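Peer 1: Show me how the following folds:
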Amino acid sequence: MSSTYIPASLRQAVIVRANGLCEYCLIHEEDSYFGCQVDHIISEKHGGPTELDNLAYACTFCNRQKGSDVSSIDWESGDFVRFFNPRIDQWNVHFNLNGYQIIPLTPIGRVTSQILDFNGIDRLLERQELQGLNRYPFPEAQVVIGQ
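Peer 2: Modelled structure (predicted):
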């Protein structure tokens with residue numbers, strides 16, 4: 001299935017709403033080596049529309065890890081659980097930032113963290129380096145986190 005063209009005005013609205021942050025890991029687009037992309041929260045493959053309420057801004061790493069997936073198995077409970085949805089979920093309800101680690105707090109947080117590999121070694125080192133430069137969490141991310 002080919003992707004639907006996303007008009008520049010819609011892309012810009014997604015970026016502005018996200019304050020230039022990946023809406024999953026909260027890295028700022030300026031600090032993401034490969035930048036960020038507009039992502040379908042519910043992929044087109046699963047019938048997700050190309051409209052503002054179904055689009056998120058995601059760093060390349062989060063976007064590639066997520067792919068067209070919408071959920072996974074929470075191995076702690078054994079349940080099939082949907083991913084974090086930045087349109088309906090609050091980040092600080094499902095995650096906590098502890099130093100440079102993103103700690104999942106809920107089943108939604110656990111499956112999202114697992115599949116998007118929030119705490120993989122490369123991602124931890126990236127956030128650790130950015131914290132040393134006072135660039136993570138970015139001021140706009142601090143608002144989302146509740147700091």
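Peer 1: so where do the strands sit in this structure?
Peer 2: Secondary structure of the chain (DSSP state E): strands at 36-40, 55-59, 71-74, 79-82, 95-98, 101-104.
Peer 1: Just say which of these is most tucked in.
Peer 2: When the strands of the chain are scored by mean count of other Cβ atoms under 10 Å, the highest mean neighbour count falls to strand 55-59 (a mean of 26). For glycine as for every other residue, the C-beta is placed from the backbone atoms N, C-alpha and C.
Peer 1: Any stretches of this structure with poor pLDDT?
Peer 2: By pLDDT under 70, the low-scoring segments of the chain are 1-2, 147.
Peer 1: In it, mark out all the helices, start to finish.
Peer 2: Remark: helices assigned in the chain by DSSP state H are 8-17, 60-66, 91-94, 107-116, 121-132, 139-145.
Peer 1: could you dump those to a markdown table with mean neighbour count and distance to K45?
Peer 2: Listed next are the helices of the chain as a markdown table, based on neighbours: other Cβ atoms under 10 Å; distance: least, Cβ to Cβ, whole Å:
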| stretch | mean neighbour count | distance to K45 |
| --- | --- | --- |
| helix 8-17 | 13 | 19 |
| helix 60-66 | 20 | 12 |
| helix 91-94 | 18 | 24 |
| helix 107-116 | 22 | 16 |
| helix 121-132 | 15 | 26 |
| helix 139-145 | 15 | 28 |
